[in-house]
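**Student:** could you work out the structure for the sequence below:
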Amino acid sequence: MHPLVRLARLAVEKYIKEKEITSPPSDLPKEFLEKKAGVFVTIEKNGNLRACIGTYLPTKESIAEETIRNAIAAATEDWRFGPIQKEELPFLSYIVYILSPPEPVKEIKELDPKKYGIIVRSGLKTGLLLPDLEGVDTIEKQILIACQKAGIEPAKEKLSLYRFTAQKYR
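**Tutor:** Below is the predicted model of the structure:
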């Protein structure tokens with residue numbers, strides 16, 4: 001198991017069982033303790049999405065701290081599913097995504113849903129979709145889903161598009 005995936009699991013289990021926030025272990029690879037990046041944590045139960053929350057820009061001092069915060073947030077704050085219960089913990093698996101900084105998209109042909117995640121913005125509304133998701137195989141579908149997540153009507157609202165890459169750890 002990748003060290004960040006192990007960290008996400010530890011953070012969720014410690015928080016759900018003891019209501020305590022774990023600290024980054026000192027034996028993590030140096031880059032995760034020293035570098036900053038946006039991080040998304042996806043939690044699956046029996047192969048199905050159970051929770052997913054993250055940040056596309058860093059909010060913490062390290063990738064490790066970002067992972068801990070977003071793992072706990074996914075487990076407790078994803079409104080689509082409700083908080084994870086103790087009984088579910090043995091059935092969960094985790095995916096950690098480390099995001100590159102978003103870059104503006106000038107032309108739609110710069111996108112590729114297998115390679116790039118997407119951020120759509122209109123006014124104060126923002127939607128994000130991670131790259132290489134099952135069933136998302138066209139640029140149009142990727143934009144539409146990201147807009148739906150944000151409550152944006154692409155036919156009626158002016159969009160700003162951004163793309164990013166993500167390192168995916170299972």
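
**Student:** which secondary structure state does residue 168 sit in?
**Tutor:** Counting by DSSP: H, G, I helix; E, B strand; the rest coil, the backbone at residue 168 sits in strand.

**Student:** number of nearby residues for the spatially closest residue to it that is not a sequence neighbour?
**Tutor:** Spatial nearest neighbour of residue 168, chain neighbours left out: residue 97 (5.5 Å); criterion: CB to CB, 6 or more residues apart in numbering. Using the backbone N, CA and C atoms, a C-beta is placed for each residue, glycine as well. Residues near residue 97, counting by other CB atoms under 10 Å, number 26.

**Student:** now residue 97, what are its backbone angles?
**Tutor:** Backbone geometry at residue 97, expressed as degrees, to the nearest 10, gives phi -110, psi 130.

**Student:** model confidence for it, exactly?
**Tutor:** For residue 97, the model assigns a pLDDT of 98.

**Student:** so it touches residue 54, yeah?
**Tutor:** Yes. With contact defined as CB atoms under 8 Å, residue 97 reaches residue 54; the gap is 6.9 Å.

**Student:** tell me where this protein has helices.
**Tutor:** Assigned by DSSP state H, the helices in the chain fall at 3-18, 30-34, 63-77, 139-150.
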